[in-house]
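Student: Take a look and give me a structure for this.
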Amino acid sequence: MPGAHPRIFADMARELFARDSVEDVLDRIAAMAVEWIEGCDEAGILMIDRRKHEFYTPAATADLVHESDRAQAECDEGPCLDASRHEQSFRVDDMAEDPRWPCYRPRAVELGVGSMLGFELYTRDEHLGALDLYSYRPRAFGEDAPELGWVFASHAALAIAGAQREATLREGYATREEIGEAIGIVMERRRITKDQAFELIKTTSMNTNTKVRDVARNIARTGEIPGG
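Tutor: So this is what the prediction gives:
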(Lines give C-alpha, C1' and ligand atoms only; values in the text may rest on other atoms or scores of the structure.)
Protein backbone atom coordinates (compact mmCIF):
# COMPACT_ATOMS: atom_id res chain seq x y z
CA MET A 1 0.00 0.00 0.00
CA PRO A 2 2.27 2.82 -1.26
CA GLY A 3 2.39 5.99 0.80
CA ALA A 4 0.69 4.38 3.81
CA HIS A 5 3.83 3.63 5.82
CA PRO A 6 3.60 6.51 8.34
CA ARG A 7 -0.03 5.68 9.09
CA ILE A 8 0.88 2.02 9.53
CA PHE A 9 3.54 2.92 12.08
CA ALA A 10 1.11 5.10 14.02
CA ASP A 11 -1.68 2.53 13.89
CA MET A 12 0.62 -0.29 14.96
CA ALA A 13 1.98 1.64 17.92
CA ARG A 14 -1.53 2.55 19.08
CA GLU A 15 -2.97 -0.93 18.51
CA LEU A 16 -0.14 -2.87 20.11
CA PHE A 17 0.18 -0.60 23.13
CA ALA A 18 -3.43 -1.39 24.01
CA ARG A 19 -2.84 -5.16 24.10
CA ASP A 20 -2.68 -6.90 27.47
CA SER A 21 -0.33 -9.81 26.68
CA VAL A 22 2.35 -10.88 24.25
CA GLU A 23 -0.10 -13.41 22.80
CA ASP A 24 -2.55 -10.61 22.03
CA VAL A 25 0.26 -8.54 20.48
CA LEU A 26 1.37 -11.37 18.20
CA ASP A 27 -2.22 -12.18 17.20
CA ARG A 28 -2.78 -8.54 16.28
CA ILE A 29 0.50 -8.32 14.34
CA ALA A 30 -0.56 -11.30 12.24
CA ALA A 31 -4.01 -9.84 11.66
CA MET A 32 -2.63 -6.42 10.73
CA ALA A 33 -0.19 -8.00 8.29
CA VAL A 34 -3.16 -9.47 6.43
CA GLU A 35 -4.96 -6.12 6.54
CA TRP A 36 -2.05 -3.96 5.40
CA ILE A 37 0.27 -6.00 3.18
CA GLU A 38 -0.79 -6.29 -0.44
CA GLY A 39 -1.27 -9.90 -1.51
CA CYS A 40 -1.21 -11.33 2.03
CA ASP A 41 -4.17 -13.64 2.70
CA GLU A 42 -2.95 -15.26 5.93
CA ALA A 43 -0.09 -14.73 8.37
CA GLY A 44 1.49 -16.53 11.29
CA ILE A 45 4.46 -16.66 13.61
CA LEU A 46 6.52 -19.82 13.98
CA MET A 47 8.81 -20.26 16.99
CA ILE A 48 11.47 -22.89 17.69
CA ASP A 49 12.76 -23.69 21.18
CA ARG A 50 16.23 -25.06 20.46
CA ARG A 51 16.70 -26.41 23.97
CA LYS A 52 13.57 -28.55 23.80
CA HIS A 53 13.61 -29.07 20.00
CA GLU A 54 10.00 -27.93 19.93
CA PHE A 55 8.06 -26.02 17.27
CA TYR A 56 5.03 -23.94 18.11
CA THR A 57 2.81 -21.33 16.48
CA PRO A 58 1.86 -18.56 18.93
CA ALA A 59 -0.11 -16.58 16.36
CA ALA A 60 -2.00 -17.54 13.19
CA THR A 61 -4.86 -16.06 11.21
CA ALA A 62 -6.11 -19.40 9.84
CA ASP A 63 -5.82 -23.18 10.11
CA LEU A 64 -3.69 -23.03 6.96
CA VAL A 65 -0.84 -21.54 9.00
CA HIS A 66 -1.00 -24.25 11.65
CA GLU A 67 -1.19 -26.97 9.00
CA SER A 68 1.76 -25.48 7.12
CA ASP A 69 3.88 -25.28 10.27
CA ARG A 70 2.91 -28.85 11.17
CA ALA A 71 3.95 -30.07 7.72
CA GLN A 72 7.31 -28.32 8.02
CA ALA A 73 7.91 -29.80 11.47
CA GLU A 74 7.08 -33.29 10.21
CA CYS A 75 9.25 -32.88 7.10
CA ASP A 76 11.96 -31.05 9.07
CA GLU A 77 12.22 -28.61 6.17
CA GLY A 78 10.45 -25.62 4.74
CA PRO A 79 10.72 -21.89 4.21
CA CYS A 80 9.58 -20.92 7.71
CA LEU A 81 12.06 -23.30 9.32
CA ASP A 82 14.83 -21.95 7.10
CA ALA A 83 13.98 -18.38 8.11
CA SER A 84 14.00 -19.34 11.80
CA ARG A 85 17.05 -21.58 11.81
CA HIS A 86 19.30 -19.68 9.45
CA GLU A 87 18.18 -16.15 10.32
CA GLN A 88 17.28 -15.16 6.81
CA SER A 89 14.23 -13.92 4.95
CA PHE A 90 12.66 -15.90 2.12
CA ARG A 91 10.38 -15.38 -0.85
CA VAL A 92 8.40 -18.01 -2.71
CA ASP A 93 6.74 -16.58 -5.82
CA ASP A 94 5.08 -19.83 -6.90
CA MET A 95 5.07 -22.72 -4.46
CA ALA A 96 4.07 -25.23 -7.15
CA GLU A 97 7.17 -24.39 -9.20
CA ASP A 98 9.70 -23.95 -6.40
CA PRO A 99 12.26 -26.81 -6.38
CA ARG A 100 13.23 -26.34 -2.73
CA TRP A 101 11.79 -28.39 0.16
CA PRO A 102 10.78 -31.55 -1.76
CA CYS A 103 8.89 -32.98 1.21
CA TYR A 104 7.10 -29.81 2.27
CA ARG A 105 6.31 -28.31 -1.16
CA PRO A 106 3.61 -30.81 -2.30
CA ARG A 107 1.92 -30.62 1.09
CA ALA A 108 1.92 -26.82 0.90
CA VAL A 109 0.41 -26.92 -2.58
CA GLU A 110 -2.27 -29.32 -1.34
CA LEU A 111 -3.05 -26.86 1.47
CA GLY A 112 -3.56 -24.14 -1.11
CA VAL A 113 -0.37 -22.12 -0.63
CA GLY A 114 0.35 -20.12 -3.79
CA SER A 115 3.17 -17.84 -2.64
CA MET A 116 4.91 -16.89 0.61
CA LEU A 117 7.11 -14.32 2.26
CA GLY A 118 8.97 -14.85 5.53
CA PHE A 119 11.12 -12.81 7.88
CA GLU A 120 13.35 -14.01 10.69
CA LEU A 121 12.70 -12.74 14.20
CA TYR A 122 15.73 -11.75 16.24
CA THR A 123 15.08 -13.13 19.72
CA ARG A 124 17.16 -14.77 22.44
CA ASP A 125 19.68 -17.42 21.41
CA GLU A 126 17.63 -20.43 22.49
CA HIS A 127 14.49 -19.19 20.72
CA LEU A 128 14.26 -18.76 16.96
CA GLY A 129 11.31 -17.43 15.04
CA ALA A 130 9.83 -16.22 11.78
CA LEU A 131 6.90 -14.11 10.65
CA ASP A 132 5.35 -15.87 7.66
CA LEU A 133 2.98 -14.40 5.10
CA TYR A 134 0.82 -16.58 2.87
CA SER A 135 -1.15 -16.02 -0.31
CA TYR A 136 -3.47 -18.44 -2.02
CA ARG A 137 -2.28 -17.06 -5.37
CA PRO A 138 1.14 -17.31 -7.05
CA ARG A 139 3.15 -14.09 -7.37
CA ALA A 140 0.66 -12.26 -5.20
CA PHE A 141 2.86 -9.96 -3.14
CA GLY A 142 3.25 -6.33 -4.14
CA GLU A 143 6.50 -4.40 -4.30
CA ASP A 144 5.98 -2.89 -0.83
CA ALA A 145 5.36 -6.27 0.80
CA PRO A 146 8.99 -7.06 1.81
CA GLU A 147 9.53 -3.64 3.39
CA LEU A 148 6.27 -3.76 5.30
CA GLY A 149 6.92 -7.36 6.31
CA TRP A 150 10.11 -6.25 8.04
CA VAL A 151 8.14 -3.63 9.98
CA PHE A 152 5.73 -6.24 11.31
CA ALA A 153 8.56 -8.70 12.01
CA SER A 154 10.43 -6.07 14.02
CA HIS A 155 7.38 -5.41 16.19
CA ALA A 156 6.88 -9.15 16.70
CA ALA A 157 10.52 -9.62 17.70
CA LEU A 158 10.31 -6.76 20.19
CA ALA A 159 7.17 -8.21 21.74
CA ILE A 160 8.71 -11.67 22.08
CA ALA A 161 12.00 -10.31 23.45
CA GLY A 162 10.10 -8.26 26.01
CA ALA A 163 8.13 -11.29 27.15
CA GLN A 164 11.32 -13.33 27.41
CA ARG A 165 13.03 -10.67 29.52
CA GLU A 166 10.02 -10.51 31.81
CA ALA A 167 10.01 -14.31 32.16
CA THR A 168 13.75 -14.27 32.96
CA LEU A 169 13.23 -11.63 35.65
CA ARG A 170 10.37 -13.63 37.18
CA GLU A 171 12.47 -16.79 37.11
CA GLY A 172 15.42 -14.99 38.69
CA TYR A 173 13.22 -13.60 41.45
CA ALA A 174 11.68 -17.01 42.12
CA THR A 175 15.16 -18.59 42.22
CA ARG A 176 16.40 -16.04 44.76
CA GLU A 177 13.33 -16.66 46.88
CA GLU A 178 13.89 -20.43 46.84
CA ILE A 179 17.58 -20.12 47.63
CA GLY A 180 16.80 -17.78 50.51
CA GLU A 181 14.16 -20.17 51.85
CA ALA A 182 16.54 -23.14 51.55
CA ILE A 183 19.31 -21.27 53.35
CA GLY A 184 16.90 -20.47 56.17
CA ILE A 185 15.91 -24.14 56.49
CA VAL A 186 19.55 -25.31 56.56
CA MET A 187 20.51 -22.62 59.11
CA GLU A 188 17.71 -23.65 61.44
CA ARG A 189 18.23 -27.40 61.14
CA ARG A 190 22.03 -27.39 61.29
CA ARG A 191 22.44 -24.41 63.62
CA ILE A 192 24.95 -22.81 61.27
CA THR A 193 25.48 -19.37 59.76
CA LYS A 194 24.00 -18.07 56.53
CA ASP A 195 27.36 -18.34 54.75
CA GLN A 196 27.86 -21.91 55.96
CA ALA A 197 24.36 -22.87 54.83
CA PHE A 198 24.98 -21.46 51.37
CA GLU A 199 28.33 -23.28 51.17
CA LEU A 200 26.55 -26.55 52.00
CA ILE A 201 24.08 -25.94 49.17
CA LYS A 202 26.89 -25.07 46.72
CA THR A 203 28.91 -28.15 47.76
CA THR A 204 25.87 -30.36 47.20
CA SER A 205 25.39 -28.74 43.80
CA MET A 206 28.96 -29.56 42.76
CA ASN A 207 28.96 -33.09 44.19
CA THR A 208 25.70 -34.03 42.51
CA ASN A 209 26.23 -32.07 39.29
CA THR A 210 22.95 -30.28 39.99
CA LYS A 211 22.25 -26.59 39.62
CA VAL A 212 22.25 -24.56 42.83
CA ARG A 213 18.69 -23.42 42.19
CA ASP A 214 17.53 -27.05 41.83
CA VAL A 215 19.22 -28.08 45.08
CA ALA A 216 17.64 -25.10 46.83
CA ARG A 217 14.24 -25.81 45.26
CA ASN A 218 14.32 -29.39 46.54
CA ILE A 219 15.24 -28.27 50.06
CA ALA A 220 12.56 -25.58 50.05
CA ARG A 221 9.87 -27.97 48.80
CA THR A 222 10.71 -31.09 50.78
CA GLY A 223 12.53 -29.75 53.82
CA GLU A 224 15.17 -32.45 53.31
CA ILE A 225 18.79 -31.38 53.75
CA PRO A 226 21.56 -33.21 51.82
CA GLY A 227 23.66 -35.35 54.12
CA GLY A 228 20.91 -35.76 56.69
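Student: What is the neighbour count of S135?
Tutor: Look at S135: counted by other C-beta atoms under 10 Å, it has 24 neighbours. (C-beta placed from N, C-alpha, C; glycine too.)
Student: ok, now G44?
Tutor: 25.
Student: contacting residues around it?
Tutor: Contacts of G44 were listed using C-beta atoms under 8 Å, 6 or more residues apart in numbering, and they are 30, 57, 59-61, 65-66, 68-69, 131-132, 134.
Student: Okay, the residue in the chain sticking out farthest from the centre and E178: tell me how far apart.
Tutor: What lies farthest from the middle of the chain is R191; by C-alpha atoms, centre = their mean that is 46.0 Å. Using C-beta to C-beta, to the nearest Å, R191 is found at 22 Å from E178.
Student: related to what we said a few turns ago, just the ones of the contacts of G44 in helices?
Tutor: Assignment to helices by DSSP state H places the following of these there: 30, 65-66, 68-69.
Student: Turn those residues into JSON lines, including distance to E42 and pLDDT.
Tutor: What follows is these, written out as JSON lines (distance: C-beta to C-beta, whole Å; pLDDT from 0 to 100):
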{"residue": "A30", "distance to E42": "8", "pLDDT": "89"}
{"residue": "V65", "distance to E42": "6", "pLDDT": "96"}
{"residue": "H66", "distance to E42": "10", "pLDDT": "94"}
{"residue": "S68", "distance to E42": "9", "pLDDT": "96"}
{"residue": "D69", "distance to E42": "12", "pLDDT": "94"}
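Student: Separate out the buried members of the residues you listed.
Tutor: In these, burial by neighbour count holds for 30, 65, 68-69, counting by 16 or more other C-beta atoms under 10 Å.
Student: Can you tell me which of the residues you listed is nearest P102?
Tutor: For those, the closest approach to P102 (C-beta to C-beta) belongs to S68, at 15.7 Å.
Student: Any regions of the chain where pLDDT drops low?
Tutor: Screening the chain residue by residue with the criterion pLDDT under 70, one finds the ranges 1-22, 50, 52, 122-127, 158-174, 226-228.
Student: domains in it, as residue ranges please.
Tutor: When the chain is parsed with automatic domain parsing, its domains come out as 5-168, 169-222.
Student: any idea which of those is most buried?
Tutor: Most buried of the domains of the chain, by mean neighbour count (mean count of other C-beta atoms under 10 Å): domain 5-168, with a mean of 18.
Student: From the chain's centroid, how far away is that one?
Tutor: Computed by C-alpha atoms, centre = their mean, to the nearest Å, the chain-centroid distance of domain 5-168 equals 11 Å.
Student: give me every residue that touches L46.
Tutor: Each residue near L46 by C-beta under 8 Å, 6+ apart is listed here: 55-57, 69, 72, 80-81, 84, 129-130, 132.
Student: Next, R100: phi, psi?
Tutor: Dihedral pair for R100: phi -70, psi 160, per degrees, to the nearest 10.
Student: so how far is R221 from the nearest residue to it once chain neighbours are set aside?
Tutor: Once flanking residues are discounted, R100 sits nearest to P79: 7.5 Å by C-beta to C-beta, 6 or more residues apart in numbering. In this view, P79 and R221 are 45 Å apart by C-beta to C-beta.
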